[in-house]
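Trainee: Okay, sequence plus prediction incoming.
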Amino acid sequence: MAQCLTELDGVLVALADPTRREVVRRLGRGPTSVGDLAREFPMTLPSFMKHVRVLETNGLISTSKHGRVRTCTLRPARLALLDDWLAEQRRIWEGRTDRLEQLVTDPTEERR
């Protein structure tokens, strides 16, 4: 459980930045070279590479080098950590709101 939470923390940190979220969104359409990705952002290549490293370190993307071209590929399975956590939170909050609705609408509900 603790390992899973640590991994989730890394995914959330990686996705906290709008540039990295846009990279993930762009890679959702298919693998792309680092150079092509970097052209879409107003920053230097070394600055952009820091974002690539954060995404790669946290398992959201993988990179491979063929000759002089480094290609980034999305690892959508890694997003399952986030999806699972969000589903759990959704269940918790739906249960709480259901209980609140019952308390507010049921006149026989005992008030504390």
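Mentor: That came through, no problem. Numbering: from 1, shown residues only.
Trainee: now K65, nearest residue through space, not along the chain?
Mentor: Using Cβ to Cβ, 6 or more residues apart in numbering and skipping residues adjacent in sequence, the residue nearest K65 is T71, 7.7 Å away. For the C-beta atoms, the positions are set from N, CA and C on the backbone; glycine is no exception.
Trainee: Also L55?
Mentor: Spatial nearest neighbour of L55, chain neighbours left out: I61 (4.5 Å); criterion: Cβ to Cβ, 6+ apart.
Trainee: quick one: buried residues of the host helix or strand of T6?
Mentor: Using DSSP states H and E, T6 sits in helix 2-15. Within helix 2-15, the residues that count as buried by 16 or more other Cβ atoms under 10 Å are G10, V11, A14, L15.
Trainee: cool, stretch 80-98 as well?
Mentor: L81.
Trainee: So what touches that stretch?
Mentor: Contacts with stretch 80-98, where a contact means Cβ atoms under 8 Å, 6 or more residues apart in numbering, come from C4, E7, L8, V11, L12, L15.
Trainee: quick one: that stretch to chain centroid distance?
Mentor: 16 Å (Cα atoms, centre = their mean, to the nearest Å).
Trainee: Numbering from 50 from now on, please.
Mentor: With 50 as the first residue, the last one maps to stretch 129-147.
Trainee: roughly how far is the helix or strand of the chain at the bottom of the mean pLDDT ranking from the heart of the chain?
Mentor: Within the chain, no helix or strand scores below helix 128-154, which has a mean of 80 by mean pLDDT, DSSP states H and E. Its chain's C-alpha centre and that of helix 128-154 lie 19 Å apart, by Cα atoms, centre = their mean.
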